[in-house]
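*Asks:* Kindly return the folded structure for what I paste below:
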Amino acid sequence: RESALILSVNGECQNSELDVREKYWISRYDSYNNGYNSTIGGQEKIKEIIENTIVIDKSKFITTIYPVDNLEEINNLLSSARKKYYDATHNCYAYIIDNGNIQKCSDDGEPSKTAGYPMLDVLKKNDLTNVLAITTRYFGGIKLGAGGLIRAYSSSVSTALKDALFYTSKLLFLYEIKIA
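*Replies:* Here you go, the predicted model:
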(Lines give C-alpha, C1' and ligand atoms only; values in the text may rest on other atoms or scores of the structure.)
Protein backbone atom coordinates (compact mmCIF):
# COMPACT_ATOMS: atom_id res chain seq x y z
CA ARG A 1 0.00 0.00 0.00
CA GLU A 2 1.14 3.49 -0.77
CA SER A 3 -0.06 6.66 0.78
CA ALA A 4 -0.70 9.55 -1.56
CA LEU A 5 -1.94 13.09 -1.51
CA ILE A 6 -5.02 13.47 -3.69
CA LEU A 7 -6.42 16.76 -4.91
CA SER A 8 -10.18 16.38 -5.02
CA VAL A 9 -12.55 18.06 -7.45
CA ASN A 10 -13.27 20.92 -5.03
CA GLY A 11 -9.52 21.60 -4.63
CA GLU A 12 -9.07 20.21 -1.12
CA CYS A 13 -6.09 17.96 -0.37
CA GLN A 14 -6.71 14.63 1.32
CA ASN A 15 -4.44 11.77 2.40
CA SER A 16 -5.64 8.40 1.12
CA GLU A 17 -4.50 4.81 1.11
CA LEU A 18 -4.16 3.50 -2.43
CA ASP A 19 -3.44 0.13 -4.00
CA VAL A 20 -0.87 0.63 -6.72
CA ARG A 21 -1.78 -1.99 -9.31
CA GLU A 22 0.81 -1.26 -11.95
CA LYS A 23 3.69 1.09 -12.71
CA TYR A 24 4.99 1.64 -16.20
CA TRP A 25 6.68 4.27 -18.36
CA ILE A 26 4.81 6.09 -21.05
CA SER A 27 6.58 7.97 -23.80
CA ARG A 28 4.04 10.55 -24.80
CA TYR A 29 2.58 13.70 -23.35
CA ASP A 30 -0.85 13.20 -21.78
CA SER A 31 -2.73 16.21 -23.15
CA TYR A 32 -5.93 15.39 -21.29
CA ASN A 33 -4.52 16.15 -17.86
CA ASN A 34 -1.58 18.34 -18.98
CA GLY A 35 0.89 15.69 -17.85
CA TYR A 36 0.00 16.20 -14.18
CA ASN A 37 -2.08 14.24 -11.63
CA SER A 38 -1.17 10.72 -12.80
CA THR A 39 2.47 11.07 -13.79
CA ILE A 40 5.84 11.69 -12.18
CA GLY A 41 8.87 13.09 -13.96
CA GLY A 42 8.51 14.53 -17.37
CA GLN A 43 11.71 16.09 -18.67
CA GLU A 44 12.02 15.98 -22.41
CA LYS A 45 14.47 13.81 -24.31
CA ILE A 46 15.64 14.03 -27.88
CA LYS A 47 14.71 11.19 -30.16
CA GLU A 48 17.68 11.08 -32.53
CA ILE A 49 21.12 12.55 -33.22
CA ILE A 50 21.12 16.11 -34.53
CA GLU A 51 24.01 17.88 -36.25
CA ASN A 52 24.21 21.56 -37.12
CA THR A 53 26.94 23.86 -38.45
CA ILE A 54 27.09 27.64 -38.15
CA VAL A 55 29.85 30.07 -39.14
CA ILE A 56 30.47 33.19 -37.06
CA ASP A 57 33.28 35.59 -38.03
CA LYS A 58 35.05 32.85 -40.03
CA SER A 59 34.95 30.41 -37.06
CA LYS A 60 33.08 27.19 -37.81
CA PHE A 61 30.92 25.73 -34.99
CA ILE A 62 29.76 22.14 -35.52
CA THR A 63 27.22 21.03 -32.91
CA THR A 64 26.13 17.44 -32.51
CA ILE A 65 23.43 16.54 -29.99
CA TYR A 66 23.04 12.93 -28.88
CA PRO A 67 20.42 11.08 -26.85
CA VAL A 68 22.36 9.26 -24.10
CA ASP A 69 21.62 7.01 -21.13
CA ASN A 70 24.81 6.78 -19.06
CA LEU A 71 28.31 8.13 -18.46
CA GLU A 72 30.01 5.29 -20.33
CA GLU A 73 28.08 6.16 -23.48
CA ILE A 74 28.94 9.86 -23.02
CA ASN A 75 32.66 9.10 -22.63
CA ASN A 76 32.62 6.93 -25.78
CA LEU A 77 30.89 9.68 -27.80
CA LEU A 78 33.32 12.33 -26.51
CA SER A 79 36.27 10.12 -27.43
CA SER A 80 34.95 9.49 -30.94
CA ALA A 81 34.24 13.23 -31.45
CA ARG A 82 37.82 14.06 -30.45
CA LYS A 83 39.11 11.49 -32.96
CA LYS A 84 36.77 12.66 -35.73
CA TYR A 85 37.64 16.34 -35.20
CA TYR A 86 41.27 15.84 -34.13
CA ASP A 87 42.37 18.99 -35.94
CA ALA A 88 39.72 21.25 -34.32
CA THR A 89 40.67 24.08 -32.01
CA HIS A 90 38.11 23.11 -29.33
CA ASN A 91 35.65 20.27 -28.61
CA CYS A 92 33.38 21.72 -25.91
CA TYR A 93 30.52 19.74 -24.40
CA ALA A 94 27.64 19.74 -21.96
CA TYR A 95 25.42 16.91 -20.78
CA ILE A 96 22.49 16.19 -18.49
CA ILE A 97 21.52 12.66 -17.45
CA ASP A 98 19.49 10.95 -14.75
CA ASN A 99 16.64 13.51 -14.81
CA GLY A 100 19.03 16.38 -14.19
CA ASN A 101 20.87 14.78 -11.27
CA ILE A 102 24.12 14.54 -13.23
CA GLN A 103 25.25 17.59 -15.22
CA LYS A 104 28.65 18.55 -16.54
CA CYS A 105 30.18 20.91 -19.05
CA SER A 106 33.65 21.63 -20.44
CA ASP A 107 35.12 24.70 -22.13
CA ASP A 108 38.02 22.66 -23.57
CA GLY A 109 40.49 25.53 -23.55
CA GLU A 110 38.07 28.37 -24.26
CA PRO A 111 37.98 31.11 -21.57
CA SER A 112 36.16 29.98 -18.42
CA LYS A 113 32.37 29.71 -18.71
CA THR A 114 32.24 30.91 -22.31
CA ALA A 115 31.48 27.59 -24.02
CA GLY A 116 30.37 24.60 -21.93
CA TYR A 117 28.29 26.56 -19.44
CA PRO A 118 26.23 28.43 -22.09
CA MET A 119 25.65 25.09 -23.83
CA LEU A 120 24.48 23.52 -20.56
CA ASP A 121 22.24 26.51 -19.92
CA VAL A 122 20.47 25.98 -23.27
CA LEU A 123 19.88 22.30 -22.43
CA LYS A 124 18.47 23.24 -19.00
CA LYS A 125 16.21 25.98 -20.41
CA ASN A 126 14.77 23.44 -22.84
CA ASP A 127 14.09 21.09 -19.89
CA LEU A 128 16.11 18.26 -21.47
CA THR A 129 17.54 15.16 -19.87
CA ASN A 130 19.64 12.24 -21.14
CA VAL A 131 21.30 14.51 -23.67
CA LEU A 132 24.88 15.29 -24.71
CA ALA A 133 25.80 18.35 -26.79
CA ILE A 134 29.27 18.59 -28.35
CA THR A 135 30.30 21.75 -30.18
CA THR A 136 33.49 21.63 -32.19
CA ARG A 137 35.10 24.94 -33.10
CA TYR A 138 37.50 25.57 -35.93
CA PHE A 139 39.09 28.96 -35.23
CA GLY A 140 38.69 31.37 -38.14
CA GLY A 141 41.34 33.89 -37.17
CA ILE A 142 39.07 36.48 -35.54
CA LYS A 143 38.80 36.57 -31.74
CA LEU A 144 35.16 36.75 -30.66
CA GLY A 145 35.65 37.92 -27.07
CA ALA A 146 33.86 36.42 -24.06
CA GLY A 147 30.42 37.74 -25.02
CA GLY A 148 30.83 36.62 -28.61
CA LEU A 149 31.85 33.11 -27.54
CA ILE A 150 28.89 32.81 -25.17
CA ARG A 151 26.51 33.89 -27.95
CA ALA A 152 28.18 31.61 -30.50
CA TYR A 153 28.12 28.43 -28.39
CA SER A 154 24.59 28.98 -27.07
CA SER A 155 23.31 29.88 -30.57
CA SER A 156 24.91 26.79 -32.03
CA VAL A 157 23.11 24.49 -29.57
CA SER A 158 19.82 26.42 -29.82
CA THR A 159 19.88 26.26 -33.61
CA ALA A 160 20.54 22.52 -33.54
CA LEU A 161 17.65 21.96 -31.12
CA LYS A 162 15.24 23.66 -33.54
CA ASP A 163 15.55 20.56 -35.75
CA ALA A 164 15.15 18.07 -32.89
CA LEU A 165 12.31 15.65 -32.34
CA PHE A 166 11.39 15.41 -28.66
CA TYR A 167 9.50 12.96 -26.50
CA THR A 168 8.66 12.83 -22.82
CA SER A 169 9.01 9.72 -20.66
CA LYS A 170 6.91 9.73 -17.56
CA LEU A 171 6.27 7.24 -14.82
CA LEU A 172 2.58 6.48 -14.68
CA PHE A 173 0.84 4.97 -11.66
CA LEU A 174 -2.47 3.18 -12.11
CA TYR A 175 -4.54 3.26 -8.93
CA GLU A 176 -7.54 1.32 -7.82
CA ILE A 177 -9.46 3.22 -5.17
CA LYS A 178 -11.88 1.19 -3.08
CA ILE A 179 -14.57 3.04 -1.18
CA ALA A 180 -16.00 1.04 1.67
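
*Asks:* okay, CA-based contacts and neighbour counts for the rest of this
*Replies:* OK.

*Asks:* quick one, strands of the protein?
*Replies:* Using DSSP state E, the strands found in the chain span residues 2-7, 13-26, 39-46, 50-56, 59-67, 90-97, 102-106, 131-138, 166-176.

*Asks:* can you give me the angle the longest helix seen in the chain makes with strand 59-67?
*Replies:* Looking across the chain with DSSP state H, the single longest helix is helix 145-161. If you take axes from the mean of the first three to the mean of the last three Cα atoms, to 10 degrees, helix 145-161 sits at 50 degrees to strand 59-67.

*Asks:* who does helix 145-161 touch, helix- and strand-wise?
*Replies:* strand 50-56, strand 59-67, helix 116-125, strand 131-138 (3 or more Cα pairs under 8 Å, 6 or more residues apart in numbering; DSSP states H and E).

*Asks:* if you skip the residues just before and after it, what's nearest to residue 163?
*Replies:* Take residue 163 and drop its neighbours on the chain: the residue closest to it by Cα to Cα, 6 or more residues apart in numbering is residue 50, 7.2 Å away.

*Asks:* Any idea what the one you found is bridged to?
*Replies:* Here residue 50 shows beta-bridge partners residue 65, assigned using DSSP bridges.

*Asks:* Distance check, it against residue 60.
*Replies:* Taking Cα to Cα, to the nearest Å as the measure, residue 50 falls 17 Å from residue 60.

*Asks:* again, but for residue 88
*Replies:* 10 Å.

*Asks:* who's in contact with the most centrally placed residue in the chain?
*Replies:* Centroid check for the chain by Cα atoms, centre = their mean gives residue 128 as the closest residue, at 2.6 Å. By Cα atoms under 8 Å, 6 or more residues apart in numbering, the residues touching residue 128 are 43, 44, 45, 46, 96.

*Asks:* No further questions, thank you.
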